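Trainee: here is the input, now give the coordinates:
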Amino acid sequence: MTVLPDDGLSLAAEFPDATHEQWQRLVEGVLRKSGKEVSGTAAEDALSTTLEDGLRTRPLYTPRDTAPEPGLPGFAPFARGGRPEGTALGGWDVRQRHASPTGDAVLADLENGVTSLWLTVGENGIPVSSLGRVLDGVYLDLAPVVLDAGRDTEAAARELLRLYEERGVAKEAARGNLGADPLGHEARTGEALDLADVAGLARRCAEEYPGLRALTVDALPYHEAGGSAAQELGASLATGVAYLRELTRAGIGVEQACGQLEFRYAATADQFLTIAKLRAARRLWARVAEVCGAPGAGGQVQHAVTSPVMMTRRDPWVNMLRTTIATLAAGVGGADSVTVLPFDHAVGLPDAFARRIARNTSTILVEESHLSRVIDPAGGSWYVERLTDELAHAGWEFFRHIEELGGQAAALRSGRLAEDLAETWAVRSAKLAKRREPITGVSEFPNLGEKPVQRAPAPEPPSGGLPRVRRDEAYEALRARSDAHLAATGSRPRIFLATIGPAAAHTARSTFASNLFQAGGIEPVTSGGFEESGATEACLCSSDALYEEQAERTATALRAAGAGHVFLAGRPGQYTDVDAYVFAGCDAVAVLSATLDRMGVS
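Mentor: Here you go, the predicted structure:
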């Protein structure tokens, strides 16, 4: 730690230092007012947030929250960045993904801020034979190209190398990645490819194309299958180690082999977890390189992609906010390249407006916010350093777990890795169903009157291996049922919100109930009487005091008016004529599904 010289100005000289214990006592007082009698460490724990992988975010971090020395950028253990200069010279590489066989969008991106291309090639994207047409007009000595071709990798690589030669691109000027990732392809499709095939590509790149890498270690399949941050890290390490073993077995040196790998990770709207994940990934890979006898080759090259799991189909405009936060986190975390998925990614092929917003997200953060001018801006934060350390340990443990199963290929083929990811997703799905993990525009503040965003269908992604999950999937299924009912009958299923007393008494609970039912595509009606509402069910909304006085009487009146089912918004109580309760933490998905069933909405 650098100690600054005394300048004669001490702003806190007249104030005594506060202690951790004093702060805890203040927390105890606040919690006591909310009915929680806890003290000391328990008071602090009450304000902590439980994350996946057994991690906890505490409300306060101090110098006592020590973590290993992160080093300097560009030096082992590389937690602070893979290069000494970070991205300070020109910002991160703005890499956009294209899966449609057209060159117009490619040129538009390159002319307006994109600095490299990520092309999905083969049966699920651009045909290999169309690669030249898609890259027509692209200066291949200036714009790096990254391929993602699955079983067509060798054919796509040959075609790209042919284009370099045909267009007179010097071998030392070629930049990018041929995208060989046999284990990633197996994770996506269940189809095993021969790892030995990648050695020839790696050797050719190492010997002839110094700026071209041959292999990608893609951790997105594990993230998209519902895996946690530590599982994503562990799976990527196991994959990278498998590739190192194969390349060195083929006679390629460890340092050369490390130089042929690029790692791809998901960046989510949980900005601090994303920052810590990228920093931990570099630290872990540095450890692998050190153990393999090549400590100088441990600077992991990272490509961050805004998470497909967090993208929603309803109210997709909110995805712009999610991807902005994720991009910020990727930049702060030290990613070398960042891909911002367009906000309509989950709907279909992005239009020109969506691609423009995607590329401008990075431009604003780099050019207007100057985010890349500071190397590792989160470094030194007690919270970030501690989270990086804890996540690194959790990721290393999952890596060891995979190695004990026989390595990445064995873990995939045995189904054990899929089981581990599914268990993690099941826990997270329960939180989503209970709205403990809110989804803005979907489970929180949905808009039933929104006009759906229409897009041309995107090519079907590879399937047959690990599943692809989305945070919105349970609510999307409910909304689809409501949409079908609307198309068939001209109206959505409805529920009558029976508010009791003045607005001050019922507003909080009626707002809560309205959001909850709309999340399942059920339209809340608040005006008029039950008979005029067109609803078959009702929900009481008021304060506890008014419930005591009027809940049972009002429920009885609603039943007499034709309500077949009566909810009460609030914690379960002793009301004999109420059928069910809705409250914060209830299983919203189960409640909504059962409600639609009763309403005859299939």
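
Trainee: I figured Phe530 hits Ala561, correct?
Mentor: Yes - under the criterion of CB atoms under 8 Å, Phe530 makes contact with Ala561 at 4.4 Å. Yep, even glycine has a C-beta here, placed from its N, CA and C like the rest.

Trainee: ok, these two, which is more surrounded?
Mentor: Legend: neighbour count by other CB atoms under 10 Å for Phe530 and Ala561, higher for Phe530 (20 against 14).

Trainee: look up how far Ala202 lies from that one.
Mentor: 71 Å (CB to CB, to the nearest Å).

Trainee: next one: whichever strand or helix holds Val217 to chain centre, how far?
Mentor: Following DSSP states H and E, the helix or strand that holds Val217 is strand 212-218. Taking the mean of its C-alpha atoms, strand 212-218 sits 22 Å from the chain's own mean (CA atoms, centre = their mean, to the nearest Å).

Trainee: for whichever helix or strand comes after it, what is the average pLDDT?
Mentor: Next helix or strand after strand 212-218 toward the C-terminus (DSSP H and E): helix 220-224. In this model, helix 220-224 has a mean pLDDT of 98.

Trainee: which elements pack onto helix 220-224?
Mentor: Helix 220-224 makes packing contacts with helix 182-189, helix 229-249, strand 261-267 when contacts are defined by 3 or more CB pairs under 8 Å, 6 or more residues apart in numbering; DSSP states H and E.

Trainee: 10 Å - rerun?
Mentor: Counting contacts by 3 or more CB pairs under 10 Å, 6 or more residues apart in numbering; DSSP states H and E, helix 220-224 packs against helix 182-189, helix 229-249, strand 261-267, strand 302-306, helix 416-433.

Trainee: for that helix, list the C-alpha coordinates in PDB.
Mentor: C-alpha atoms of helix 220-224 as PDB (Å, rounded to 0.1, in the frame of the first residue of the first chain):
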ATOM      1  CA  LEU A 220     -21.000 -20.100 -22.500                       C
ATOM      2  CA  PRO A 221     -22.500 -23.700 -22.900                       C
ATOM      3  CA  TYR A 222     -22.100 -24.200 -19.100                       C
ATOM      4  CA  HIS A 223     -23.500 -20.700 -18.300                       C
ATOM      5  CA  GLU A 224     -26.400 -21.200 -20.700                       C
END
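
Trainee: my read: Ala513 touches Glu537, true?
Mentor: No - in this structure, Ala513 is not within contact of Glu537 by CB atoms under 10 Å, at 11.5 Å.

Trainee: helix/strand/coil for Gly600?
Mentor: Assigned with DSSP: H, G, I helix; E, B strand; the rest coil, Gly600 falls in the coil class.

Trainee: how close does it sit to Ala487?
Mentor: In terms of CB to CB, Gly600 sits 15 Å off from Ala487.

Trainee: give me every residue that touches Glu37.
Mentor: Shown in contact with Glu37 (CB atoms under 10 Å, 6 or more residues apart in numbering): 28, 31, 43.

Trainee: quick one: these as a markdown table, columns for secondary structure too.
Mentor: Formatted as a markdown table, those follow (three-state DSSP):
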| residue | secondary structure |
| --- | --- |
| Glu28 | helix |
| Leu31 | helix |
| Ala43 | helix |
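
Trainee: just among the residues you listed, which is most surrounded?
Mentor: Using other CB under 10 Å as the neighbour criterion, Ala43 leads the contacts of Glu37 with 22 neighbours.

Trainee: what residues are up against that residue?
Mentor: 23-32, 36-37, 59.

Trainee: include distance to Gly132 when you put those residues into TSV, please.
Mentor: Output for the contacts of Ala43, formatted as TSV (distance: CB to CB, whole Å):
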residue	distance to Gly132
Trp23	64
Gln24	66
Arg25	71
Leu26	67
Val27	64
Glu28	69
Gly29	70
Val30	66
Leu31	66
Arg32	71
Lys36	67
Glu37	72
Pro59	57
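
Trainee: ok, these vs Asp109, which is closest?
Mentor: Comparing those against Asp109 with CB to CB places Pro59 closest, at 42.5 Å.

Trainee: so that closest one sits against Asp45, correct?
Mentor: Yes - counting by CB under 10 Å, Pro59 does reach Asp45; the two are 9.3 Å apart.

Trainee: for the protein, longest helix please?
Mentor: Determined from DSSP state H, the single longest helix within the chain is helix 382-404.

Trainee: returning to that earlier point: of the contacts of Ala43, select the buried ones using a ChimeraX command.
Mentor: To isolate the buried subset of those in ChimeraX, counting by 16 or more other CB atoms under 10 Å, use the following:
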select :24,27,28,31
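
Trainee: and the helices in the stretch 501-602 of the chain?
Mentor: 503-519, 530-533, 544-560, 588-598 (DSSP state H, counting those that start in this stretch).

Trainee: next, format the helices and strands packed on helix 220-224 as CSV and append mean pLDDT.
Mentor: Formatted as CSV, these follow (pLDDT from 0 to 100):
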stretch, mean pLDDT
helix 182-189, 97
helix 229-249, 97
strand 261-267, 98
strand 302-306, 98
helix 416-433, 98
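
Trainee: got the ones you listed as TSV, with distance to Ala498 and mean neighbour count columns?
Mentor: Output for those, formatted as TSV (distance: least, CB to CB, whole Å; neighbours: other CB atoms under 10 Å):
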stretch	distance to Ala498	mean neighbour count
helix 182-189	50	24
helix 229-249	44	24
strand 261-267	44	26
strand 302-306	43	26
helix 416-433	26	17
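
Trainee: any chance of those in JSON lines, plus distance to Pro524?
Mentor: Below are the helices and strands packed on helix 220-224 laid out as JSON lines (distance: least, CB to CB, whole Å):
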{"stretch": "helix 182-189", "distance to Pro524": "41"}
{"stretch": "helix 229-249", "distance to Pro524": "37"}
{"stretch": "strand 261-267", "distance to Pro524": "35"}
{"stretch": "strand 302-306", "distance to Pro524": "33"}
{"stretch": "helix 416-433", "distance to Pro524": "20"}
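
Trainee: can you give me the end-to-end span of stretch 161-170?
Mentor: Here the two ends of stretch 161-170 are set 11 Å apart, with distance taken as CA to CA, to the nearest Å.

Trainee: can you give me the helices for the stretch 351-500 of the chain?
Mentor: Using DSSP H, counting those that start in this stretch, helices in the stretch 351-500 of the chain cover 352-363, 382-404, 408-414, 416-433, 473-489.

Trainee: can I get the shortest one in PDB? Just the C-alpha atoms.
Mentor: Provided in PDB are the C-alpha atoms of helix 408-414 (Å, rounded to 0.1, in the frame of the first residue of the first chain):
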ATOM      1  CA  GLN A 408     -13.900 -32.500 -19.100                       C
ATOM      2  CA  ALA A 409     -14.800 -35.000 -21.800                       C
ATOM      3  CA  ALA A 410     -15.500 -37.700 -19.300                       C
ATOM      4  CA  ALA A 411     -17.600 -35.400 -17.200                       C
ATOM      5  CA  LEU A 412     -19.700 -34.500 -20.200                       C
ATOM      6  CA  ARG A 413     -20.100 -38.000 -21.500                       C
ATOM      7  CA  SER A 414     -21.000 -39.500 -18.100                       C
END
